[in-house]
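J.: Quick one: sequence and predicted model below, then my questions.
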Amino acid sequence: MKKKPVIPDRPAVWGGLLALLLTGLCALCFRQDFSGWERRYLTGLPQTVSLTDWTLDDDLEAELSDQIPGRRQLVSLYAQAQALTGRSAQLDAWPLKDAFLEKPVSGSVQTARRRVEQMKALAGDVPCLFLTPPTHGMLRMDEMSALRRAVYEEEEALYQQLTEDGAFVPLRDAFLSLAAQPSQPLYYRTDHHWTLYGAYLAYRQYCAAAGLEPAAMEEFTVSEYAPFYGTTYSRSGLPFARADTLVCAEPKANVHLSLPGEGLTADHLIFPEEAETYDGYAVYLKGNHGLTEITAPDAETDQTLLIFKDSFANCLIPFLTRHYGRILAADARYMDGSFRDVLKDAGKVDHILFLYSLDSLVNDTSITRKLR
């Protein structure tokens with residue numbers, strides 16, 4: 001009887017060790033601190049070594065997995081395999097035809113309603129409104145498979161239950177009526193934010209609820225920046241996407257922006273230089289900050305609008321300078337103190353707007369902390 005050929009152990013072991021050694025050397029010699037396509041800082045080498053908590057192997061594994069040569073290609077292959085085999089729910093962002101969608105928002109409607117009531121109590125006698133856009137996925141459920149559509153229907157039910165409160169500016173029907181017009185998309189393909197047209201539609205709905213006459217788009221200077229790849233695409237891991245064009249509007253009237261505590265002032269609201277950075281969306285208001293103050297001497301009134309916000313407010317705020325001589329925007333993720341501190345320090349406030357995405361309003365714990 002013929003003996004089966006046996007692969008010698010020694011070459012296999014030495015080959016494996018050599019591959020590990022080369023991978024480690026490449027990771028050390030060609031390491032990067034920041035991944036632009038993922039928009040995150042990569043894991044660094046362990047700074048301390050402890051003989052009691054036994055975490056060194058985990059730390060080294062995380063470092064090597066972030067620095068391994070060809071990592072982007074490997075991540076892309078994995079993401080493509082998940083998408084092709086119908087397991088894209090395991091990805092951080094879901095591909096749909098020409099777009100990348102955020103995962104459906106889930107959470108407790110009771111908890112979110114309690115948060116809304118706390119916000120109303122904070123406003124007290126100051127008139128307040130809530131602005132929460134429907135998500136991109138919610139608008140495109142008809143294009144999904146039955147399985148995928150079912151989870152977005154749960155998100156839609158959460159949205160409807162939460163926004164049936166009369167303090168919410170009605171947006172869903174207005175967005176659905178325009179969502180089928182490809183000439184003016186309401187959301188970016190590669191990003192979870194609404195486009196300029198989505199923000200302008202929300203602005204018009206806000207004006208209707210607040211008793212204001214909306215400004216025409218001709219009153220603003222429109223500029224475009226391309227290519228733009230948003231955060232949703234960067235989390236998908238997929239290698240190919242048609243780039244967006246970031247479209248911005250800035251009032252032609254005089255405005256003045258300041259970032260209290262950061263020492264930055266400007267006589268404009270759009271910062272073109274930010275389009276070249278990894279976070280192109282920062283062209284609006286130079287990104288997110290704890291507190292942003294905008295004065296508009298040519299506004300219809302000298303009233304003050306206080307906005308408690310996330311990044312969805314950034315491209316809508318320029319439209320609001322038509323109506324308010326002073327706008328204060330506070331972001332719970334970056335600000336010091338509480339919401340009550342901001343309200344107290346703001347002086348006379350005539351109107352309050354709570355502008356949050358559905359995920360922020362339902363799940364952002366920084367809002368809960370600042371409301372305390």
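T.: Happy to help now that I have it. Residues are numbered from 1 along each chain as shown.
J.: which residues does residue 326 bridge with?
T.: Taking DSSP bridges, one obtains residue 295, residue 304 as the residues bridged to residue 326.
J.: Kindly report the same for residue 270.
T.: With DSSP bridges applied, residue 270 shows beta-bridge pairing to residue 284.
J.: residues in contact with it?
T.: With contacts defined as Cβ atoms under 8 Å, 6 or more residues apart in numbering, residue 270 is in contact with 223, 248, 250, 283, 284, 318. For the C-beta atoms, the positions are set from N, CA and C on the backbone; glycine is no exception.
J.: And residue 187, by the same measure?
T.: By Cβ under 8 Å, 6+ apart, the contact set of residue 187 is 99, 136, 139, 193, 194, 195, 198.
J.: Recalculate using a threshold of 7 Å.
T.: Going by Cβ atoms under 7 Å, 6 or more residues apart in numbering, residue 187 touches 136, 194, 195, 198.
J.: What is the nearest of those to residue 152?
T.: Sorting the contacts of residue 187 by distance to residue 152 puts residue 136 at the head of the list, at 10.0 Å, by Cβ to Cβ.
J.: My guess is residue 349 contacts residue 127. True?
T.: No: using Cβ atoms under 7 Å, residue 349 is not in contact with residue 127; the gap is 9.7 Å.
J.: So residue 101 sits against residue 138, correct?
T.: No: counting by Cβ under 7 Å, residue 101 does not reach residue 138; the two are 9.5 Å apart.
J.: Low-confidence bits of the stretch 101-250 of the chain, can you list those?
T.: The stretch 101-250 of the chain contains no residues with pLDDT under 70.
J.: redo that, cut-off 90
T.: Across the stretch 101-250 of the chain, the ranges flagged by pLDDT under 90 are 145, 147-148, 177-184, 233-242.
J.: Please enumerate the strands of the stretch 251-372 of the chain.
T.: For the stretch 251-372 of the chain, the strands defined by DSSP state E, counting those that start in this stretch occupy 256-259, 264-266, 291-295, 304-309, 326-331, 351-355.
J.: Next one: residue 301 from residue 199, what distance?
T.: 22 Å (Cβ to Cβ, to the nearest Å).
J.: Pick out whichever of the two has more residues nearby.
T.: Using other Cβ atoms under 10 Å as the criterion, residue 301 and residue 199 rank with residue 199 on top: 25 against 13.
J.: any idea how far the strand or helix carrying the more buried one is from the chain center?
T.: Following DSSP states H and E, one finds residue 199 within helix 196-210. Its chain's C-alpha centre and that of helix 196-210 lie 19 Å apart, by Cα atoms, centre = their mean, to the nearest Å.
J.: Please save the CA atoms from that helix in CSV.
T.: Taking only C-alpha atoms (Å, rounded to 0.1, in the frame of the first residue of the first chain), the coordinates of helix 196-210 have been written out as CSV:
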residue,chain,number,x,y,z
LEU,A,196,-29.3,71.4,0.6
TYR,A,197,-32.7,70.7,-0.9
GLY,A,198,-33.7,68.5,2.0
ALA,A,199,-32.7,71.2,4.4
TYR,A,200,-34.5,73.9,2.4
LEU,A,201,-37.7,71.8,2.5
ALA,A,202,-37.4,71.4,6.2
TYR,A,203,-36.8,75.1,6.5
ARG,A,204,-40.0,75.9,4.6
GLN,A,205,-41.9,73.5,6.9
TYR,A,206,-40.4,75.2,9.9
CYS,A,207,-41.5,78.6,8.6
ALA,A,208,-45.1,77.4,8.2
ALA,A,209,-45.2,76.1,11.8
ALA,A,210,-43.5,79.3,13.2
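J.: Quick one: residues in contact with that helix.
T.: 129, 131, 133, 169-171, 174-175, 178, 184, 186-187, 213-214, 217, 247-249, 315-316, 319.
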